[in-house]
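Asks: can you look at this prediction? I've put the sequence above it.
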Amino acid sequence: DKEFKLKFTSIYHPNPNAVTYKYKVDDKAWTSTKSRELGFYNLSYGYHKITIQASIYGGSWGPTSSLEVYITPPFWRSKYFYFTSLFLFISITYNLLKYRFFSLKGHSKIKIGAQHNLIDLKRRLTAANLKPHFVYNSINSIREFLGRNPVEESYEYIDKFSKLIRLNLSNSTESLIRLSDEMTRIKYYLDLEKLRANIPFEYVLEIDKHINPKKTWIPNLIIQPFLENSIWYGFREPLLAGKLNIEIRRSQESIVIEIQDNGIGIEESGKRNLKTHESKGTEIVMSRLLSLDPFANSALEISTSTDDLKCPGTTIKIKLTKGMFKIEK
């Protein structure tokens with residue numbers, strides 16, 4: 001209970017009324033009183049220290065007496081409640097995403113030809129974009145963070161995770177996405193991966209000043225698979241400080257998206273049998289681009305630098321032709 005009374009007395013018997021008391025709670029100012037009963041109301045939750053001193057006939061103050069009390073917070077203010085609520089929210093959201101996934105899958109069965117391939121491709125991209133292992137690892141990371149830090153400091157990570165899920169749900173069926181929304185989604189994703197990843201990394205996101213992100217629309221879900229490849233498979237060296245550079249620029253009538261990392265590179269990744277997932281992600285993105293422009297066979301370039309043999313890094317260049325993006329007037 002946040003309300004309680006504290007009764008006390010001094011050992012000066014001849015004239016109890018000659019005794020003056022003063023008390024304070026924690027480091028707050030002293031308060032004088034003649035009463036031997038104090039009432040405390042609306043103290044904050046947690047530990048508090050109540051200190052009392054006595055004086056006879058206004059003389060010097062005697063030694064202090066202290067009492068520690070603990071105000072138990074209600075269940076809905078505890079860390080366990082916050083985590084339980086978070087877990088329920090994530091579970092409900094994930095099941096909604098799963099339901100949406102199978103709805104799209106069922107709907108695609110009634111389509112034929114190119115339309116069928118496009119819907120199936122969207123379904124695969126949606127599934128690759130927010131995988132169950134990513135949801136599971138993010139929940140564990142947030143739970144560990146809650147255990148080490150005050151709940152308030154974890155709100156930022158919880159907020160980004162919920163916004164990332166909401167962005168994926170709202171855009172999962174769209175062929176194009178506003179560039180400003182894609183950049184927001186990428187930031188949320190990278191910030192969550194920085195929390196989860198065992199190997200630290202930094203990223204820089206640059207957009208050409210001649211591009212208006214709010215009026216430019218690009219293909220949906222073509223950047224994140226390569227970012228995931230860099231984080232999960234490129235940054236494999238224990239002492240490597242990972243770096244990711246994402247640059248989006250105009251090039252004549254095209255838009256070029258360039259992703260650079262300082263990871264182990266394509267050849268080393270192949271030696272370690274890590275290319276299966278990377279190849280699958282590349283295939284999906286390339287199919288996505290060709291569905292928008294069947295003649296853009298050179299829309300995707302992947303190369304490895306030779307400047308640093310230990311960490312050669314990988315460069316991804318995605319060239320969006322006029323048929324792959326649109327700009328609002």
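Replies: Nice, thanks for sending it over.

Asks: show me where the chain has strands.
Replies: In the chain, the strands defined using DSSP state E lie at 4-7, 19-25, 31-33, 37-40, 46-56, 65-71, 176-178, 201-207, 216-219, 242-251, 254-261, 300-304, 314-320, 326-327.

Asks: Phe40: what's it in contact with?
Replies: Neighbouring residues of Phe40 by Cβ atoms under 8 Å, 6 or more residues apart in numbering: 3-6, 25, 50. Where you see a C-beta, it was placed from the backbone N, CA and C, and this is true even at glycine.

Asks: hmm, try it at 6 Å
Replies: Counting by Cβ atoms under 6 Å, 6 or more residues apart in numbering, Phe40 touches Phe4.

Asks: mean pLDDT lowest for which of the strands of the chain?
Replies: Sorting the strands of the chain by mean pLDDT places strand 300-304 lowest, at a mean of 79.

Asks: hang on, the earlier thing: got TSV for the strands of the chain, with distance to Phe161 too?
Replies: Below are the strands of the chain laid out as TSV (distance: least, Cβ to Cβ, whole Å):
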stretch	distance to Phe161
strand 4-7	40
strand 19-25	38
strand 31-33	46
strand 37-40	39
strand 46-56	28
strand 65-71	31
strand 176-178	19
strand 201-207	18
strand 216-219	24
strand 242-251	20
strand 254-261	23
strand 300-304	30
strand 314-320	26
strand 326-327	30
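
Asks: and of those, who's closest to Ile92?
Replies: strand 176-178 (24.4 Å; Cβ to Cβ).

Asks: is Thr31 in a bridge, and if so with what?
Replies: Thr31 forms beta bridges with Tyr23, as assigned by DSSP bridges.

Asks: okay, now it: neighbour count?
Replies: 11 (other Cβ atoms under 10 Å).

Asks: picking up where we left off before, ok, which of the strands of the chain comes nearest Lys187?
Replies: Across the strands of the chain, the minimum distance to Lys187, taken as Cβ to Cβ, is reached by strand 201-207, at 7.1 Å.

Asks: perfect, that will be all.
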